[in-house]
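In: predicted model and sequence follow; I will ask about them next.
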Amino acid sequence: MPIVTANEGAGRDLEALGGEGPRPRHHPDWHIVSPLPVEVLRSYYAEAEAATGIPWAYFASIHLVETRLGRIRGTSTAGAQGPMQFIPETWARYGQGDINDNHDAILAAGRLLQANGAPGDISRALFRYNNSERYVDAVQACGGVDVLLTSGGEVVEHRHLVSRGDICVDDVGADETGAAGDENLHPG
């Protein structure tokens, strides 16, 4: 099944990103928050696509990989901040507004990707976003396949980019504390 292969490969690539160097002794100072409604996120992705020509699924994929669609709040061990995880120096160049605002960060991601070759060379642009081939592979596995945004199980949008399977990104699955598990990335 293509979706299983895509999900497994993306998962392995993402796990391997954090596997280099010693493991941290303490958990990062992160907070789990409730996600924005899927309709709001989808409008932000569409706005970024309209401004840059980059398919909206790549913004959703980066958002998912970086902070589980804005659910994780805090600064990374590398110093990246906000829902799209910008290093402050990069934000100073591409950002406008609040680094911690989903809308502002998604549009800034579009400017950064476009400045680095997207949509024409999305692989190069993703590598410049995060200098890791595993990151590029993981984001493309999520963003370069059939994408379904669902709200409570109802399909909101379906977009075919390449024929490798389905990935569902939804706004359900958070427990009563707002923490989301792996169910926000699952076969369709």
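Out: Okay, I see it. Numbers count the residues shown, from 1 in each chain.
In: any low-confidence regions in the protein?
Out: Residue ranges of the chain with pLDDT under 70: 1-28, 143-188.
In: redo that, cut-off 50
Out: 1-4, 145-148, 150-188 (pLDDT under 50).
In: which parts of it are helices?
Out: Here the chain has its helices, by DSSP state H, at 2-17, 38-52, 56-67, 88-94, 102-115, 122-129, 133-143.
In: wait, which of those is closest to residue 32?
Out: Nearest to residue 32 among the helices of the chain is helix 56-67 (10.0 Å), distances taken as C-beta to C-beta. To be clear about C-beta, it is placed using only N, CA and C from the backbone, and glycine gets the same treatment.
In: which strands and helices lie in contact with that closest one?
Out: helix 38-52, helix 102-115, helix 122-129, helix 133-143, strand 146-151 (3 or more C-beta pairs under 8 Å, 6 or more residues apart in numbering; DSSP states H and E).
In: reformat the ones you listed as a markdown table; add mean neighbour count and distance to residue 91.
Out: Converted to a markdown table, the helices and strands packed on helix 56-67 look like this (neighbours: other C-beta atoms under 10 Å; distance: least, C-beta to C-beta, whole Å):
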| stretch | mean neighbour count | distance to residue 91 |
| --- | --- | --- |
| helix 38-52 | 18 | 16 |
| helix 102-115 | 22 | 7 |
| helix 122-129 | 19 | 13 |
| helix 133-143 | 22 | 18 |
| strand 146-151 | 19 | 26 |
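In: residue 72: which of these is closest?
Out: Comparing these by C-beta to C-beta, helix 102-115 comes nearest, at 12.2 Å.
In: got the contact list for that closest one?
Out: Here helix 102-115 makes contact (C-beta atoms under 8 Å, 6 or more residues apart in numbering) with 36, 40-41, 44-45, 47-49, 51-54, 58-59, 62-63, 70, 82-84, 86, 90-91, 93-99, 119, 122, 125-126, 128-129.
In: ok so, going back, can you redo the helices of the chain as a markdown table with distance to residue 78?
Out: Shown next, in a markdown table, are those (distance: least, C-beta to C-beta, whole Å):
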| stretch | distance to residue 78 |
| --- | --- |
| helix 2-17 | 11 |
| helix 38-52 | 23 |
| helix 56-67 | 12 |
| helix 88-94 | 11 |
| helix 102-115 | 16 |
| helix 122-129 | 13 |
| helix 133-143 | 12 |
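In: much appreciated, bye for now.
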